[in-house]
Every structure is written in C-alpha cells, then in structure tokens.
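# Turn this into a model:
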Amino acid sequence: MLDENVRWMQTVQVKEHVRKLNDSTKKSNFLSAMWEVAVSNSLSKCGSVRFESGKRDETKPDVFFCASPGKTPLVADIRTVSDKGRELCWPVETFLREALWQHTKALRDATLPSLRVQFGVDNTPGRPRRPKLPREEHFVRDIFHVGFHEFIRDILSNPAEAREFPCQTDACDVTLIYSPHQSLSFVTYPQYKDAYSLKANPIWNALEEKADQLQKSNLAGHRGVILCDGDCYLLNGFPRTWNTFGLDDIVTGFLRQYSFINFVMLLDIKMDINHGKPLTVRARRYFGAEHLKQEAWAQSIATLEELFPRPVRTAANAQLHLSRQRTLNKWHEEELRYGGYEMGSGYIKFPSRALLELLAGTLKQEDFLKAYAHGDTNAFLHKLKLGQLIKAARVEPSDRSEDDDWIVLDFTDPGDPAISRFRRPK
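Prediction:
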C-alpha cells in the first residue's frame, strides 16, 4: 500500500507514515498509521484523493476526496479509536496480556495450565459496576509481590494440587486460580466498557474531537469522520443492555447535535467465528440526511470495504501481537509458525525462513527438530533412514503474500547407493 500511495501522496506524508509504522515504543501509533494508510489507499481506488490538504496556517483534514470532477467533495478526518482511556482506569487488558503473561512464564515453560482470573466488583454507590483492579503502577505492590511468587513455586513443586491466590486490598479484588485439569484459561469480570452515558464514551469523544477540527477547515465540501477500530469494545457493535447506549444511539445522537457533520463511517475487522471464514473489513455508514446517500462521493465509497487488503488480525489481536513482538525485540517480524510442513514420499515442504534462521543460528537445532517431527522421528531423519538424499531444492510462493514462502526439498528414491546397503535388483 505504501508503494501505491507514494504515486499520489506527498513524499513527506509517506515518510511520516513509515516513521509511525517503524515506531516500536509503547507510545507507538502503529494501528492509527496503518488505518490511515489503508483508508487513503482504498479511497484512491474509487476517486481522487488529497491527503492533509490545505494551507500551512490552517487545519488540514486527513482526506479531501472527490468522486469525479465538478462534484461536491468529501472532506473527512480519519481517527482510530480505542479503550485506552478506560484501560488507564481499569487496566484489565494490560493485566491479562502483559503483566500476568510475563509473571507466569514459569508455568508455560513447565507446560502447565494457565491461571484462571476472577475479578471482584467495585460497588461504589452511584457508579457503574467496574472490576476492582489497581492501576498498572501498583500491580507489583498489590498482586505480584512475594506471596504471588511463593504461589507459583508451590504450583511447580506440586502441579497436581489445585490452588487459589486471593489479592484483596482497598484497591484490589483479584483471585488467581490454578486447576491442574483445566485445559483453557478463563477470566471472570463485570463488563466495564459499556456506554452508560451517551457522551462520556470513546466513540463520542473521538467524533467530537474530529468535529471541532473539521469545523476549522476552510476546504469546501461535505464533512465526514471515519472512525477505525484500534481495539474499541463499543465499535464492535455489541448489543446494548437496558441501561446502556449502543453504537447506533451514540452516532445518530452525535449527528443530531453536530448538524454540520454530514457523514460518519465506522471501520472494524469482522471475524466469523461460526464458519471459520477469513477476516474482512466491515464498514457501517451513517448520514446526517437521507439525500446525502445520492451524492457522488457516497455512491463511490458504497463498497469501499471491498478495496481493502485482506486483514490478518483483529485490532485486539494486533495489539496483543505487537505487545509480544515489542517484548521479544522483533517488531518487524511476523510470527513464524514453526511446525507447518508437508511431507510426501519424495519431498518435504516447510517455511523457508525456518531454514534461514536455523543456518543463521537464531533458531536452535533442538527447536527445529522438535517442530518438524514425524511421529517419534523428525521428518529429515526419517528420509535419511530411508536412504533418501536431497536431489533438488526450490522456493514455492505462499498463497498469501504476507506469509513466508515455502522451501521444497525433493529427495531421491529410497535406497540411494551413496548411503544404503546393496539390495537385490528389481
């Protein structure tokens, strides 16, 4: 997409996207930059686009989109919205994805079941129910202290015994449960990301921020906001309860109050759990007035989601992946799925990067041999025992461009004379 965008986007703008995508610090705006690149790229395929257009001394909206010459353009800002603000107050995801993951490495190394986590409820009068969890800077003080490490040591010394570790203080009510027969990890906590207010929520806040910026722009055209999922619970459109506000309530309420905003589009990654289909980009469109649906720009982007590249992860999984890659200092490396291979009577096919990492010394030989096991014997030793030698090697492209290519090793027939006993002719 960057290669395509450089054809119409200014060089300095492409460089800024590259800088953000390469930023591996905790303050990284990777998902925001990725959405900007993807949205502007898709728009460029259905009309004319200018990115951050405007005079130097005025507000510059992200997108100036024109479906065809002479038609009213769409002036829009792109905003990636997440639950980061709520996460600062109730850092449940940070606790589960980072802190607990790091502090339970010994259990994973011992291939023991993950801990089950049960959060208590903050029942402060006049407030919605929230999980009772301390701020991130107090995790060690309230949870991961000496008692926790003794709890882990006790599990390792006697993994057949079930145990519980309650952490209860004025600011914390968390119970960690170990069950030796539990194959999956479970988390129990009250839903704290629902919108109990029409306006005090991440969706309204993001829309309002962009409305203020668009109002200051001098560019002529209809105004719009494109909200993208940066791991936001509300943006996934979960059903509302009797005492909360849903996504439609928030967006339509916003358009009523900010009548100069003509259009809102919400973009997220849709996952079909039931049928195991590939991930797709989902777009939901809201118009300030019915007649706007007939505008050239509206007609042109009616199927915009079909122009996006196929997503690999949801926003939530992308955040988790990036967090782990940052910890491993492998920000730019896609995870290599060791163990994926095919073997036939005359060939073995496996990821080419696995071979390169083995030769480079970054992949341990024992890990490589364990990954490519055929029964009790690794696939390559199996060929050697059959008296088969490599006669050719070739690289075969993956079906998906973002994945590693395959290397295919072709073998001689069993009983190669260079390494086999004499045998009776056929």
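# center of this structure - which residue?
When CA atoms, centre = their mean is applied to the chain, the residue found nearest the centroid is Ala318 (1.5 Å).
# Does it touch Leu31 like I think?
Yes: counting by CB atoms under 8 Å, Ala318 touches Leu31, with 6.3 Å between them. In short, each C-beta sits where N, CA and C put it, glycine included.
# ok, the residue nearest to the centre of the chain to Arg324 distance?
With the distance defined as CB to CB, to the nearest Å, Ala318 ends up 11 Å from Arg324.
# quick one: contacts for the residue nearest to the centre of the chain?
The contact partners of Ala318, taken as CB atoms under 8 Å, 6 or more residues apart in numbering, are 31, 231.
# Tell me, how many residues neighbour Gln10?
With neighbours defined by other CB atoms under 10 Å, the count for Gln10 comes to 14.
# That one contacts Val49, correct?
No: with contacts counted by CB under 8 Å, Gln10 stays clear of Val49, the gap being 11.9 Å.
# Can you name the helix or strand that the residue nearest to the centre of the chain falls in?
Counting by DSSP states H and E, the element that carries Ala318 is helix 315-327.
# Quick one: name whatever helix or strand follows that helix.
Using DSSP H and E, the helix or strand that follows helix 315-327 in sequence is strand 342-344.
# Low-confidence regions, the stretch 301-426 of the chain specifically.
Scanning the stretch 301-426 of the chain for pLDDT under 70 picks out 333-340, 374-376, 399-403, 426.
# Mind jotting down where the helices sit in it?
Assigned helices in the stretch 301-426 of the chain, in chain order: 315-327, 352-360, 365-371, 379-385 (criterion: DSSP state H, counting those that start in this stretch).
# swap in the stretch 101-250 of the chain?
Counting by DSSP H, counting those that start in this stretch, the stretch 101-250 of the chain has helices at residues 105-109, 139-142, 146-157, 202-215, 247-257.
# now the longest one: mean pLDDT?
What it means is helix 202-215. The average pLDDT within helix 202-215 is 92.
# and what of the second one?
Predicted confidence along helix 139-142 averages 89 (mean pLDDT).
# which parts of it are buried?
139, 142 (16 or more other CB atoms under 10 Å).
# Model confidence at Pro73, what's the number?
In this model, Pro73 carries a pLDDT of 90.
# same question, Asp57
With respect to pLDDT, Asp57 scores 52.
# Could I get the full set of strands for the stretch 151-300 of the chain?
In the stretch 151-300 of the chain, the strands defined using DSSP state E, counting those that start in this stretch lie at 163-168, 173-178, 187-188, 222-229, 263-270, 280-287.
# List the strands paired with the first one, with their directions.
Read that as strand 163-168. Using DSSP bridges, the strands paired with strand 163-168 are strand 173-178 (antiparallel).
# so the strand it pairs with versus helix 146-157, what angle?
Strand 173-178 and helix 146-157 are oriented at 10 degrees to each other (axes from the mean of the first three to the mean of the last three CA atoms, to 10 degrees).
# same question for strand 173-178, mean pLDDT?
89.
# what do Ala318 and Leu31 both touch?
Asp231.
# Who does the closest residue to Ala206 other than its chain neighbours form a beta bridge with?
Counting by CB to CB, 6 or more residues apart in numbering, Val81 is the residue found nearest to Ala206 once chain neighbours are left out, at 4.3 Å. For Val81, the beta-bridge partners are Asp229 (DSSP bridges).
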